[in-house]
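Visitor: Attaching a predicted model along with its sequence, questions to come.
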Amino acid sequence: MDDGLNPVFRALGDPTRRAILDALYEQPLTTGDLASRFPDITRYAVMKHLKVLVAADLVVVRREGKQRWNALNPVPLRQMYRRWVGKYMEHWSEAGLKLKDLAEE
């Protein structure tokens, strides 16, 4: 079954890309601003990571003259939560509550 989230899972599999998303959570940033937050990697590497995040629709880009503004798109993360995390969390939290009730009886 393809729920369309495979690119999102692949994008989130890298810690640098997750850190980029964390930085963009605060506010949109230019590519240069992002690169300056990651001094251990090159600007080119940051751009490659951004390309993966854009392909997964996790980042949207707006150009202003020579600047490229990158912003977080939370929609795919919410879809992932709905499809995977929320579904299983509900099941197991309900089971945990039932177990707690049984233990207290």
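Guide: Okay, I see it. Numbers count the residues shown, from 1 in each chain.
Visitor: Could I get the buried residue list for stretch 33-41?
Guide: Leu34, Ala35, Phe38 (16 or more other C-beta atoms under 10 Å). The C-beta positions use only the backbone N, C-alpha and C, and glycine is treated the same way.
Visitor: Then stretch 41-55?
Guide: Val46, His49, Leu50, Val52, Leu53.
Visitor: Could you spell out the sheet neighbours of the helix or strand hosting Arg63, each with its direction?
Guide: Using DSSP states H and E, the element containing Arg63 is strand 59-64. Strands adjacent to strand 59-64 in the sheet, as given by DSSP bridges, are strand 67-72 (antiparallel).
Visitor: Output the strand it pairs with in CSV, but only the C-alpha positions, please.
Guide: Extracted in CSV, the C-alpha atoms of strand 67-72 (Å, rounded to 0.1, in the frame of the first residue of the first chain):
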residue,chain,number,x,y,z
GLN,A,67,17.4,35.1,-2.0
ARG,A,68,15.7,31.8,-1.6
TRP,A,69,13.4,31.6,1.5
ASN,A,70,12.7,28.2,2.9
ALA,A,71,9.6,27.5,5.1
LEU,A,72,8.4,24.5,6.9
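Visitor: could you point out which element follows that strand?
Guide: That would be, after strand 67-72 and using DSSP H and E, helix 75-80.
Visitor: burial measure for Arg17, as a count.
Guide: 21 (other C-beta atoms under 10 Å).
Visitor: How about the contacts made by the residue nearest to Trp69 when sequence neighbours are not counted?
Guide: Excluding the flanking residues, the one nearest Trp69 by C-beta to C-beta, 6 or more residues apart in numbering is Arg62, at 4.6 Å. If a contact means C-beta atoms under 8 Å, 6 or more residues apart in numbering, then Arg62 has Pro28, Arg68, Trp69, Ala71 as its contacts.
Visitor: Fine by me, thanks again.
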